[in-house]
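Q: Need coordinates for the below:
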Amino acid sequence: MIRTDCLHLGYGDRLVLADLSFQVAPGEFVGLLGPNGSGKSTLLRALAGLLPPLRGKLLLQGKPPSAWPSRERARTMASVPQATDLRFPFTCLEVVIMGRYPHRRRFAALGDEDLAQALRALKQTTTLHLKDRPVTEVSGGEGQRVVIARALAQEPVLLLLDEATSNLDVRKKLEIFEVLRELNETRRVTVICALHDLNLAALYCRRLLFLKDGRLVMDGPVETAFTPEVLEQVYDTPMEVRWHSGHRRPYALMLPLLEGRREGIVPRECLQ
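A: Residues are numbered from 1 along each chain as shown. Take a look at the predicted model:
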C-alpha cells in the first residue's frame, strides 16, 4: 500500500523529517506516535499527497501520490485532520454526502447508493440524529464525528487520521475506533492514525511507528514496540507498562517526573 525510502519532508528550507524508510501492507492498522512537533502531521500530509517530498521516495500503490488524478486518489484514500473549520451552514447529511463526490460521474445527480452510504456513515459515527441540523450548530465533538462520517462515506481502502478523536469523550473515541477496527478486519481497510493517547493506540493498533526529533526511532508490532524503554526514550517521561488480564493488551502508566527532568518548572526555592 505505502512505501517510503530515505524520505525527507519539510516546508521550504525547514526540514521536519529525515531518512524515513518503511512499508505499510494492505490491511494494516498502524499507530503513528511521538511528542508534539515530531512530524506526525507532516508525514500524514505527505501520504495524502498534500506535501511533496524534499528528497527520497514515497509511493502509494506503486506510484507517487501526486501522480494520482484527484478523483482516483479520493476513491483510494480519505483523510481526517485534527480539526475542520466548518463555517457554512450545510446540514450534517449534506457534509457527509460530499464524501460521495469521487464515486459520482461529473454533473450526475445524487443516487440512492450515495444516500445510503451517507446515512450508514452517520449511523456508524452515532450522528444520524444530527442529519438535518446545520453543521454550524453542533458541538465541536459532534462536528468532528460528522467529518469522520464524511471520510467513511468515501469508502476508501486507506484511512489517514490525524488525532481525529482528540476532542471526543472517552465513549465516543472508543465507538469510532470500534468502527475503524471493524472496517480493518472485515473490509481490509488500511488505517494509519496519529495519536497522543498511548493506551488507545495500544488497544487498537497492531503496529506502532514512533517519531522523535524528525526521525523514525521505533517501528514494530505493539507487543515489542510498546515497552517502558521505548516510551521513556520517545517521551522523556518515566513509564510503566502492564498487560491487562481481560483484553490482553498492554497499557502505560505515567509516573511523576524526576526533579532533574522537569524542564521549564520554576525550582521550589525560587518561589519562597
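Q: got the contact list for residue 101?
A: Residues counted as contacts of residue 101 (CB atoms under 8 Å, 6 or more residues apart in numbering) are 71, 74. Where you see a C-beta, it was placed from the backbone N, CA and C, and this is true even at glycine.
Q: Over to it. Which of the three states is it?
A: Here residue 101 is helix, with the state taken from DSSP: H, G, I helix; E, B strand; the rest coil.
Q: Renumber starting at 19 from here on
A: Shifting the count to begin at 19 puts that one at residue 119.
Q: So for it, what's the pLDDT?
A: Model confidence at residue 119, given as pLDDT, is 86.
Q: Distance of it relative to residue 101?
A: 21 Å (CB to CB, to the nearest Å).
Q: now do residue 221
A: Applying CB to CB, one obtains 23 Å for the distance of residue 221 from residue 101.
Q: who's in contact with the closest residue to residue 186 other than its chain neighbours?
A: For residue 186, ignoring the flanking residues on the chain, the nearest one in space by CB to CB, 6 or more residues apart in numbering is residue 159 at 5.0 Å. In this structure, residue 159 makes contact with 185, 186, 187, 190, judged by CB under 8 Å, 6+ apart.
Q: again, 10 Å this time
A: When contacts are counted by CB atoms under 10 Å, 6 or more residues apart in numbering, residue 159 is found next to 183, 184, 185, 186, 187, 190, 191.
Q: Residue 201 now?
A: Shown in contact with residue 201 (CB under 10 Å, 6+ apart): 47, 142, 170, 173, 174, 175, 177, 207, 208, 209.
Q: quick one: secondary structure of it?
A: The three-state label given to residue 201 by three-state DSSP is helix.
Q: Please, where are all the strands along the chain?
A: According to DSSP state E, the chain carries its strands in the segments 20-29, 32-42, 47-51, 73-78, 95-98, 176-180, 208-212, 225-230, 233-239, 257-261, 268-272.
Q: Tabulate those strands (JSON lines), appending mean neighbour count.
A: As requested, the strands of the chain are arranged in JSON lines below (neighbours: other CB atoms under 10 Å):
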{"stretch": "strand 20-29", "mean neighbour count": "17"}
{"stretch": "strand 32-42", "mean neighbour count": "16"}
{"stretch": "strand 47-51", "mean neighbour count": "25"}
{"stretch": "strand 73-78", "mean neighbour count": "17"}
{"stretch": "strand 95-98", "mean neighbour count": "23"}
{"stretch": "strand 176-180", "mean neighbour count": "22"}
{"stretch": "strand 208-212", "mean neighbour count": "24"}
{"stretch": "strand 225-230", "mean neighbour count": "22"}
{"stretch": "strand 233-239", "mean neighbour count": "16"}
{"stretch": "strand 257-261", "mean neighbour count": "14"}
{"stretch": "strand 268-272", "mean neighbour count": "16"}
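Q: As a markdown table, the ones you listed with mean pLDDT would be great.
A: Listed next are the strands of the chain as a markdown table, based on pLDDT from 0 to 100:
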| stretch | mean pLDDT |
| --- | --- |
| strand 20-29 | 95 |
| strand 32-42 | 95 |
| strand 47-51 | 97 |
| strand 73-78 | 94 |
| strand 95-98 | 92 |
| strand 176-180 | 95 |
| strand 208-212 | 96 |
| strand 225-230 | 97 |
| strand 233-239 | 95 |
| strand 257-261 | 91 |
| strand 268-272 | 90 |
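Q: Out of those strands, which is closest to residue 59?
A: strand 176-180 (5.4 Å; CB to CB).
Q: got the angle between that closest one and strand 32-42?
A: 140 degrees (axes from the mean of the first three to the mean of the last three CA atoms, to 10 degrees).
Q: Show me what strand 176-180 packs onto, helices and strands only.
A: Using 3 or more CB pairs under 10 Å, 6 or more residues apart in numbering; DSSP states H and E as the contact definition, the elements that strand 176-180 packs against are strand 47-51, helix 58-65, strand 95-98, helix 158-171, helix 188-205, strand 208-212.
Q: for the chain, what helix or strand is lowest in average pLDDT?
A: In the chain, the helix or strand scored least confidently by mean pLDDT, DSSP states H and E is helix 88-94, which has a mean of 86.
Q: Other residues contacting that one?
A: With contacts defined as CB under 10 Å, 6+ apart, helix 88-94 is touched by 19, 66-67, 78-79, 83-87, 117, 119-122, 124, 172-176, 208.
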